[in-house]
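*Asks:* I need the structure of the sequence given here:
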Amino acid sequence: MNLTNFFAIGLVASAFLTGAVAAEDVKIGVAAEPYPPFASPDSSGNWVGWEIEVINAVCAAAELDCVITPVAWDGIIPSLTGKQIDAIMASMSITEERMNTIDFSDPYYKTPGVIVADKSMELGADPEALAGKIVGVQASTIHQSYAQAYFSDSELRVYQTQDEANQDMIAGRIDAIQADSIAMADFVDSDAGSCCEIKGAVMDDPAILGLGIGAGVRKGDTELLEALNAGIAAILADGTHEEITAKYFTTSIY
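*Replies:* Coordinates of the predicted model:
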């Protein structure tokens, strides 16, 4: 064999091995839009937060080589079905509508939806209290679906990111926000959100608000689904989930 052929074969073998390693990586899709305290990039561009730590713990327990892959929220399911990512772990609620398109793992947290408004406003979380009010929700979320179903007498304003809704609340351009209770607790405890408070939880509707937060995978990807379920069960059983939660929250969110 001449030297040229030797190097050519070596390059092919190297490319094959690199592809094999890359193929073993599991791309975990998270929303590219910051969603503290669950997931957001720090000043160095590294993703941090409760959900990021949970992803890393689940993947370690399941012996998966996972890569955090930011994807725009409104395109995250198409990115999964189109195989740009392998799973979604981005505070996505398990709903019947989504289960028509993707499969879900067992839940790894569940929190209620709440209404947030300025402290000066006497406002409840029911449709009657919000009638005639401008309510902000994030696009393509269970909160948008819920508001459309229940707040027909309110003006709905839809935002691409939760932060945009929060900023309009601070500026007084909307009267209220419906969103996840933990994310909103983090907002109202911040300096920027000190104007506002949680007014109450919306009435639970599992058909819309779902059965908790789970990891989404492509239909039929049972091997990955079983691995993620095993990882979730492991961190719940050995206390890792509780340890991570204690860093961010004062109460259990499972």
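*Asks:* What is the one helix or strand Leu80 maps to packed up against?
*Replies:* Assigned by DSSP states H and E, Leu80 falls within helix 76-81. Here helix 76-81 touches strand 25-31, strand 87-88, strand 102-104, strand 216-218, going by 3 or more C-beta pairs under 8 Å, 6 or more residues apart in numbering; DSSP states H and E. Every residue, glycine included, has its C-beta placed from N, CA and C.
*Asks:* One more pass at 10 Å, please.
*Replies:* Here helix 76-81 touches strand 25-31, strand 65-71, strand 87-88, strand 102-104, strand 216-218, going by 3 or more C-beta pairs under 10 Å, 6 or more residues apart in numbering; DSSP states H and E.
*Asks:* Nearest to Glu128, out of those strands?
*Replies:* Of all the helices and strands packed on helix 76-81, it is strand 25-31 that lies closest to Glu128, at 32.4 Å by C-beta to C-beta.
*Asks:* can you dump the C-alpha coordinates of the closest one into PDB?
*Replies:* Written as PDB, here are the backbone C-alpha positions of strand 25-31 (Å, rounded to 0.1, in the frame of the first residue of the first chain):
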ATOM      1  CA  ASP A  25     -24.700  12.700  21.500                       C
ATOM      2  CA  VAL A  26     -28.300  13.400  22.600                       C
ATOM      3  CA  LYS A  27     -29.300  16.900  21.600                       C
ATOM      4  CA  ILE A  28     -31.600  18.200  24.300                       C
ATOM      5  CA  GLY A  29     -33.600  21.200  23.100                       C
ATOM      6  CA  VAL A  30     -34.200  24.100  25.400                       C
ATOM      7  CA  ALA A  31     -36.000  27.400  24.600                       C
END
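*Asks:* That one pairs with which strands, parallel or anti?
*Replies:* Here strand 25-31 is paired, per DSSP bridges, with strand 65-71 (parallel), strand 87-88 (parallel).
*Asks:* could you give the mean pLDDT of the last one?
*Replies:* Strand 87-88 comes out with an average pLDDT of 98.
*Asks:* likewise stretch 208-227?
*Replies:* Averaged across stretch 208-227, pLDDT comes to 97.
*Asks:* Name the residues of it that are buried.
*Replies:* 208-218, 221, 224-225, 227 (16 or more other C-beta atoms under 10 Å).
*Asks:* likewise stretch 104-124?
*Replies:* Result for stretch 104-124 [16+ other C-beta under 10 Å]: buried residues 104-109, 111, 113-118, 123.
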